[in-house]
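S.K.: coords please:
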Amino acid sequence: PAPSYQWRCGSHNLVGEVDEVLTISDYAASKSHNRGTAMYRCIVENAAGFLFSGWARVRCLPAACPGHPMITQQPVITIVSGQGKEVGVPYGAEVTMAVTADGPDLRYQWYFFEDPIPNATLSKFTIDRVCDWDDGSYKCKVQNTGGKAESDFCVLALNGKDLYALKKKQRVEAQNWCEKSEKDGKGNVIASAKVALLIGNRDYTHHPKLIHPEADVIAIAYALEQHGFRTLVYVNLTFREMIAAIRRFVKMLSRGVYAMFYYAGHGLEDIAKDNYLIPIDLETSNNLRKCIRLSAVRYEMQRKNPRIVSLVVDCCRTMYNTKSTAKQTARCAVPHEGFANWAYHFSCPSSGKALESKTDKNSVYTRAFLHALEQPPVPIKDFFANVEDELMKINAVGRQQAAVRGDFQGSLASANLLKWSDDIQSENDRPNKLYSKVQTRHKKLHDIPKKVDLPCEGFSTCVRLCFYRRMANVLVISSLVEKNSRDNVSAQFDLKFLEEQKIQAAALNKSAPSCMKHLATLCCPSHQSVVFIGGIQRLQADVKLRLDVSSNNTRVPLHYTLKRTALGSLCSSA
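M.R.: Sure thing, here's the model as predicted:
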């Protein structure tokens, strides 16, 4: 028997639409579609029964206008290097995403979830080497003077395999080398270089602000420098900025290096016991793919096969928003070669909380860590045991909270030999190209004009500006009037002038945080006026400084422009 047809939109029958072909004459005027999209299907019936067709999704595009961009092909992910037959993308693969659009003078911007990706402004976006933090959803926005169009999301899903995983023979060789320690002529263990990356996130946008992270990383960096470390210190980093900082740090690693990663800020732990570091721009939804997975940092460090890989984490390990995080834990495990001489040390046990106190200069864990660094040198595993012992002592004195003991995880095959105080290989013993490379990269990240003398004709004197960059993304500027001035001349920075340029600035005064006072003591203890400029990686223009030079009720303004190019950019390649 001949069939009959009935078209439906969603769950509603379309009156009069009983032919084999459905024609929509005025879709935009139809009340049946939802937000420009509707689902259609057909019921085919005869005396023997009925069948449903598959769904047809119809989307209403903006009315075409002259020059309006139109996306003709949604983003497609292509694995340039890697096993194409596998499901998902392996770690280390090269990946290209491409979108096709029509229209004149098109401009492109790629997004990771809803965040724009710096410098991703072509129709193709390439990731040279896929890392853990590249796992997620991408889209592209296309626009011109006629309007804009937005693509659908495409998903880059990692499969947990390492494209450059070592073969068995190579793995055994690397393991044996890692367990063997180089020694000088006197039998003392030596390092080819010591490098530490320290990140302190305090000023969160969507989460409670913390007290000590900035002071903690400054204090730890200063203590590590006494043991020969080159330190890279960053404060208040976004997700993209944390990635850029880690990549710069990893470029400084190689065989024989003692490498330490230190983090202070908010953190969380998922139901699979994976630990995540929270950037300052994470929204309250707690999207784990916009956090930094700690095991991924370890993987990136171990790829360079340094002598020691140490990750020290002073943050909470709780799931304070379980409903939003539990849905996002279906992630592949980070590859792990299993090399020796790696260690995690947490400030609290699993599901625990890190402690802060408004009356102390540093967090509880940082105080214990600094105390251990001040003691006579001991092997690294014993060092972390001393940190835990000191942590118990601090918590046991005058605190209502339950005592918290640090959590050590790791494999230190050379635990009885390696110490943080080990000497660095001398260039007189053997040309140390690696250490020169570390010094060059470190200088590049901290290179600024050391001092500038500004003549002040009104008082026949000179004001000297000195620049310091102990933290990679915080600039300290101090002013000092030359001593041979006859008058009692002072020079103070105009903060309002900086605020008008939307620059994060703070002056050193009595109410300044202790970390700023400590930093000023290290940089410029005898100068008259000190100003701190933070977030220099986000500067979009030159920094214009104005000083008020005054003496005997006479005031003269003094100006100086610091070029943005002299400060570099955290998100640029290094």
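S.K.: How many residues are close by residue 46?
M.R.: 11 (other Cβ atoms under 10 Å). Any C-beta I mention is one placed from the backbone N, CA and C, and that applies to glycine too.
S.K.: my read: it touches residue 3, true?
M.R.: Yes - when contacts are counted by Cβ atoms under 8 Å, residue 46 is listed as touching residue 3 (4.6 Å).
S.K.: next one: the strand or helix carrying residue 249 to chain centre, how far?
M.R.: Per DSSP states H and E: residue 249 is located in helix 239-250. The chain centre lies 5 Å from the centre of helix 239-250; the measure is Cα atoms, centre = their mean, to the nearest Å.
S.K.: With just CA atoms, put the very next helix or strand once past it into CSV.
M.R.: Using DSSP H and E, the next helix or strand after helix 239-250 towards the C-terminus is strand 257-264. The C-alpha coordinates for strand 257-264 follow below in CSV (Å, rounded to 0.1, in the frame of the first residue of the first chain):
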residue,chain,number,x,y,z
VAL,A,257,70.3,20.6,35.6
TYR,A,258,68.7,20.8,39.0
ALA,A,259,65.2,22.0,38.2
MET,A,260,62.6,23.2,40.7
PHE,A,261,59.0,24.4,40.1
TYR,A,262,57.4,26.3,43.0
TYR,A,263,53.8,27.3,43.1
ALA,A,264,51.8,29.3,45.7
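S.K.: Quick one: list the elements packing against strand 257-264.
M.R.: The helices and strands touching strand 257-264, judged by 3 or more Cβ pairs under 8 Å, 6 or more residues apart in numbering; DSSP states H and E, are strand 193-200, helix 213-225, helix 294-302, strand 308-314.
S.K.: now these as TSV including mean neighbour count?
M.R.: Formatted as TSV, these follow (neighbours: other Cβ atoms under 10 Å):
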stretch	mean neighbour count
strand 193-200	26
helix 213-225	24
helix 294-302	22
strand 308-314	25
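S.K.: Quick one: closest of these to residue 284.
M.R.: Taking Cβ to Cβ, helix 213-225 is the member of those nearest to residue 284, at 19.5 Å.
S.K.: what residue lies at the spatial centre of this protein?
M.R.: Taking Cα atoms, centre = their mean, the centroid of the chain lies closest to residue 242, which sits 1.2 Å from it.
S.K.: measure that one to residue 215 for me?
M.R.: 19 Å (Cβ to Cβ, to the nearest Å).
S.K.: Could you pull out the helices in the stretch 51-200 of the chain for me?
M.R.: 168-179 (DSSP state H, counting those that start in this stretch).
S.K.: Poorly predicted segments of it, please.
M.R.: 60-67, 81-87, 163-188 (pLDDT under 70).
S.K.: on that earlier part again, how about the helices and strands packed on strand 257-264, which one is nearest residue 287?
M.R.: From these, taking Cβ to Cβ, the stretch that ends up closest is helix 294-302, at 15.4 Å.
S.K.: mind checking the longest helix of this structure?
M.R.: helix 380-396 (DSSP state H).
S.K.: if we can go back for a sec, so the residue nearest to the centre of the chain sits against residue 290, correct?
M.R.: No - Residue 242 sits out of contact with residue 290 when judged by Cβ under 8 Å, with a separation of 10.3 Å.
S.K.: Name the nearest residue to residue 233, ignoring sequence neighbours.
M.R.: residue 471 (4.3 Å; Cβ to Cβ, 6 or more residues apart in numbering).
S.K.: For that neighbour, give me its contacts.
M.R.: Residue 471 sits next to 217, 218, 233, 234, 235, 519 when contact means Cβ atoms under 8 Å, 6 or more residues apart in numbering.
S.K.: what's residue 280 in contact with, if anything?
M.R.: Each residue near residue 280 by Cβ under 8 Å, 6+ apart is listed here: 201, 203, 204, 205, 236, 237, 238, 265.
S.K.: Repeat the analysis, applying 10 Å as the threshold.
M.R.: Residue 280 is in contact with 201-207, 209, 235-239, 241-242, 265-266, counting by Cβ atoms under 10 Å, 6 or more residues apart in numbering.
S.K.: swap in residue 110?
M.R.: By Cβ under 10 Å, 6+ apart, the contact list for residue 110 reads 75, 97, 99, 116-125, 138-141, 151.
S.K.: burial count for the closest residue to it other than its chain neighbours?
M.R.: Once flanking residues are discounted, residue 110 sits nearest to residue 120: 3.7 Å by Cβ to Cβ, 6+ apart. Neighbours of residue 120 under the rule other Cβ under 10 Å: 18.
S.K.: now swap in residue 558 and tell me
M.R.: 19.
S.K.: for the helices and strands packed on strand 257-264, which one sits closest to residue 551?
M.R.: Comparison of the helices and strands packed on strand 257-264 against residue 551 by Cβ to Cβ identifies helix 213-225 as nearest, at 34.3 Å.
S.K.: Residue 261 is in contact with residue 296, isn't it?
M.R.: No - here residue 261 does not reach residue 296: they are 11.3 Å apart, not a contact under Cβ atoms under 10 Å.
S.K.: so what sits against both of those two?
M.R.: 246, 277.
S.K.: ok now do the residue nearest to residue 154 when sequence neighbours are not counted, which residues does it touch?
M.R.: Spatially, and ignoring its direct neighbours in sequence, residue 154 is nearest to residue 75 (4.0 Å; Cβ to Cβ, 6+ apart). Counting by Cβ under 10 Å, 6+ apart, residue 75 makes contact with 97-100, 110, 123-125, 138-140, 151-155.
S.K.: Next step: these restricted to strands.
M.R.: Mapping the contacts of residue 75 onto strands (DSSP state E) picks out 97, 98, 99, 100, 110, 124, 125, 138, 139, 140, 154, 155.
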